[in-house]
Structure formats: C-alpha cells, structure tokens
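**Q** Just a sequence and a predicted model for now, questions to come.
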Amino acid sequence: MSDPLDTDPLDTEEARALRDAVRALLTRRSGPEAVRAAMASPLGYDDKLWSTLCEQIGVAALAIPEHYGGAGAGLAEVCVVLAELGRTLTPAPMLGSAVLCGEALLRTGNDEACERLLPGIAAGTTVAALAWSGADGRWTPALTASATGLDGRAHYVLDGDTADVLLAVARTDDGFGLFEVPLDGVRRERATTLDPTRRLAVVECASTPARRLDAGGYASQVGLLHDTAVVAVAAEQTGAAARALELTVEYTKQRRQFGRAIGSFQALKHRMADVHVHVEAARSALYAALVDGDAEAVLTAKVVCGEAFAHAAAEMIQLHGGIAITWEHDAHLYFKRAHGTALLFGDAELSR
C-alpha cells in the first residue's frame, strides 16, 4: 500500500481534470490580446471570463466549505488554478478575493460573517479585498484599531480600488483583529505598479468605523493566513516560470541564425537546461509546502519559486533578443510579473 505522502496533491486525477478544464478555457479566452485588453479595462480583469471560470469550473469556491456555498476542496486545488492563471498572466481576483479574503474570514470562526460574505465570494459575484501591509510591504498590519475606528494607510491591496467588500487586518489592544470596513468610509486609490497585470491599491482610513469580525486571539491566525498567501503565490510563480521556459524553447527552435535554429547552439541549450532545473526545483518546493505545511517549507517555496520565475523571465528576455524588450511582445509582462510578485507578501530576502 502506497504512502499518502507519495501522492503529489498537484497530480491527482482530480487535479489533472481541474488543470485541463482551466487550461482549455484560458487557451480559448485568455490569449495575449485578451490579457492586454483585460489589464487596460476599468476593473483590471475580464469580468466575463471571471464569471465563466466561477460558473463553469467553480474556481472561486474551491477552498470554501460547502455549507458556505463552496466546493470544500483544499489549497492544492487552489494552487492548480493559480498555476494556470500564472501561465497566461490572466488578471483575475482569484488570489485576493477567493484565496486571501476567503481564508481570512474562515479563520475568524464567525459563522454570521461567513454565511453573509462567503457565498458571494465563492460564486464570484462578490469581489473582496484585504487591506494589510504598509509601504514597506512587510507582513505587518498598517492599520490601527481604536475606539474611534481604524486609522492608517494600507498599501498593495489586491483589487482594493474596485472590490465590493473590504476587509482589514489591524492592530488592536489584544494583538490583531479582522475588520469589515464600509466602503464609503475609506479613501481607495489605484496604485501605479510595475506589473500592469496585477491591480493594486492604497486604502486610507481616518477614524473609520469598522466591524470587528473575529472574537479575539486572531493574532494566532495571522501567521497561518500569511502561509496560505505565500503558497498560493508560489503556485502562480511556478506556473508562470514553466510557461516562460516553454515559450523560450519554442522561439529558439524557430529563430534561425548562421543557417540553423539558435536552439541548436550548445551555449543556449545549457542556459535553457538551467532554467528547467530551476522550474523543477520550484515544483518540488511547492509540493513540500503543500505536503509539509511548516513555516520553513513555506518560506523555502517563496524563495525558490520566486527565484525560478525571475530566472525564467530574465532568460526569456535574453534569448528572445531585441523583440523581447518591445511593448508588443509578452516577454516584458512575464519579467514584470516576476519582479512584482517576488515582493508580494514580504521580501524574499527577508524570508531567506
């Protein structure tokens, strides 16, 4: 009888079926032109594509329990979807709304709040945003709660300027708390980002009345919430790194120089082999983070997957030559996503 730990949670029969379904839909609906149109749209993503992903495949419902309108799956299934979204750089509120906010709500143990907010998040009809870190990007709350309300400026809020529901992790007298913040009580401003495929915002509170959702002791949940976010991003990075390598290999087979395909030159073969090793290391690190789940495995995934994506994107630029630095080519989008994502939820150097 095989050991359960020998089973890759990202390569089960169910995971493969989910991956195939998401990839088939994104292949039809999220090509390069569609991605550029989505990132230039008012929402920063294609709401029709997002609705289709939620209605036909149920991506937003995966990690939400069935009694809250979800599918009752787990983080591994979420990672399968995020890896596919990363492959195509598809802008979507999956990470911020379905993963981050869904997990934050579930960890409050507040049935009323979960019953009220999670069904809409699971259906994809409600987009939620979580305000958390300050300008330094570290995983420490930028907002402070007092008797008069919430005060402070939260940066890097995923879909924060367009979300229907705003949640915030804030400092409290007893540590940390999760708050539901009225949209009319805050200032929300879209931030200019390096990565045009990732919508971020600044949320400013000034004595903003907010409803606390947890019953206390939420500080113990903050680290676990951070781990979930880091693993989710690692999955996205792994999928994007693999696709950047695929596109680079395809190009080197087509581009000819000195009468032969440039991919046949030994020097380029070695460079692409190095990227392949990094991608496989990223897959292994992601597997370990999902199976082991301890803090060291999670932080290792953050570093290894981030480095793999940055390496793959950099080589994609170099091996595509001059066309890779033009706006018309997608290589620069992978490069920008790699560097922007590496700083999300904390600097990888701090993790190291």
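**A** All right, it came through fine.
**Q** now the helices: where do they sit in the stretch 151-300 of the chain?
**A** 219-254, 266-291, 295-320 (DSSP state H, counting those that start in this stretch).
**Q** low-confidence ranges in the stretch 151-300 of the chain?
**A** Within the stretch 151-300 of the chain, the stretches with pLDDT under 70 are 255-256, 261-265.
**Q** do that again at 80, thanks
**A** Along the stretch 151-300 of the chain, the parts satisfying pLDDT under 80 run over 252-268.
**Q** how about the helices of the stretch 151-300 of the chain in TSV, adding mean neighbour count and distance to R260?
**A** Glycine gets a C-beta too; all of them are placed from N, C-alpha and C. Below are the helices of the stretch 151-300 of the chain laid out as TSV (neighbours: other C-beta atoms under 10 Å; distance: least, C-beta to C-beta, whole Å):
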stretch	mean neighbour count	distance to R260
helix 219-254	22	11
helix 266-291	17	11
helix 295-320	22	15
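**Q** Of the ones you listed, which is nearest L118?
**A** When the helices of the stretch 151-300 of the chain are ranked by distance to L118, counting by C-beta to C-beta, first place goes to helix 219-254 at 15.2 Å.
**Q** Out of the helices of the stretch 151-300 of the chain, the one nearest H67 is which?
**A** Closest among these, once you apply C-beta to C-beta, is helix 219-254, at 19.9 Å.
**Q** And the closest one, what does it pack against?
**A** helix 75-88, helix 102-106, strand 175-181, strand 260-261, helix 266-291, helix 295-320, helix 331-342 (3 or more C-beta pairs under 8 Å, 6 or more residues apart in numbering; DSSP states H and E).
**Q** got the ones you listed as TSV, with distance to A219 columns?
**A** Formatted as TSV, the helices and strands packed on helix 219-254 follow (distance: least, C-beta to C-beta, whole Å):
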stretch	distance to A219
helix 75-88	22
helix 102-106	13
strand 175-181	3
strand 260-261	57
helix 266-291	22
helix 295-320	15
helix 331-342	27
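**Q** To A241, which of these lies closest?
**A** That would be, of those and by C-beta to C-beta, helix 295-320, which comes in at 4.1 Å.
**Q** Please name every helix or strand in contact with the closest one.
**A** So helix 295-320, by 3+ C-beta pairs under 8 Å, 6+ apart, packs with helix 219-254, helix 266-291, helix 331-342, helix 348-351.
**Q** what about it, distance to the chain center?
**A** Taking C-alpha atoms, centre = their mean, to the nearest Å, the mean C-alpha location of helix 295-320 is offset from the chain mean by 14 Å.
**Q** next one: stretch 143-159
**A** So, by C-alpha atoms, centre = their mean, the centroid of stretch 143-159 is 22 Å from its chain's centroid.
**Q** Can you list the buried residues in that stretch?
**A** 143, 145, 149-159 (16 or more other C-beta atoms under 10 Å).
**Q** Please tabulate the helices and strands packed on helix 295-320 in JSON lines, including the columns distance to C205.
**A** Formatted as JSON lines, the helices and strands packed on helix 295-320 follow (distance: least, C-beta to C-beta, whole Å):
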{"stretch": "helix 219-254", "distance to C205": "19"}
{"stretch": "helix 266-291", "distance to C205": "33"}
{"stretch": "helix 331-342", "distance to C205": "25"}
{"stretch": "helix 348-351", "distance to C205": "26"}
